[in-house]
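Asks: sequence and predicted structure below; questions after.
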Amino acid sequence: MRIVRACIYPKDIQRITGRSERYGRKLLNDIKTHFGKKSHQFITAEEFAEYSGIKEEIVNQYLEQIS
């Protein structure tokens, strides 16, 4: 598996879901709470896929297109 980027940003969530960047920031905070992460820690593509129910392959395809 080729990793383009390990972490997810609000702009990525905006492009994947079609929602606003503000929604992406809120969702990242919800995911951090869910996984018990601190505010300075990053969310990986794997964690985003698990939380959102979107297949990790689809998330990685979006990350490859963006990069």
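Replies: Done, it's in.

Asks: so what pLDDT did Leu63 get?
Replies: With respect to pLDDT, Leu63 scores 89.

Asks: wait, it touches Arg5, no?
Replies: Yes - shown here, Leu63 and Arg5 form a contact pair, counting by C-beta atoms under 8 Å, at 5.4 Å. For glycine as for every other residue, the C-beta is placed from the backbone atoms N, C-alpha and C.

Asks: quick one, which of these two is more surrounded?
Replies: Leu63 (21 against 14; other C-beta atoms under 10 Å).

Asks: check contacts around that one.
Replies: 4-5, 8, 12, 45 (C-beta atoms under 8 Å, 6 or more residues apart in numbering).

Asks: which one (most neighbours) among these?
Replies: Ile8 (25 neighbours).

Asks: what are the ranges of the helices in the protein?
Replies: Under the criterion DSSP state H, the chain contains helices at 10-17, 21-35, 45-52, 56-66.

Asks: out of the ones you listed, point me to the one whose mean pLDDT is lowest.
Replies: helix 56-66 (a mean of 88).

Asks: if we look at stretch 23-41, which residues are touching it?
Replies: By C-beta under 8 Å, 6+ apart, stretch 23-41 touches 8-14, 17, 43, 47-48, 51-52.

Asks: got a markdown table for these, with distance to Arg25 too?
Replies: Below are the contacts of stretch 23-41 laid out as a markdown table (distance: C-beta to C-beta, whole Å):
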| residue | distance to Arg25 |
| --- | --- |
| Ile8 | 11 |
| Tyr9 | 9 |
| Pro10 | 5 |
| Lys11 | 10 |
| Asp12 | 12 |
| Ile13 | 8 |
| Gln14 | 10 |
| Thr17 | 13 |
| Ile43 | 11 |
| Glu47 | 16 |
| Phe48 | 13 |
| Tyr51 | 15 |
| Ser52 | 15 |
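
Asks: pull up the distance across stretch 35-46, start to finish.
Replies: 12 Å (C-alpha to C-alpha, to the nearest Å).
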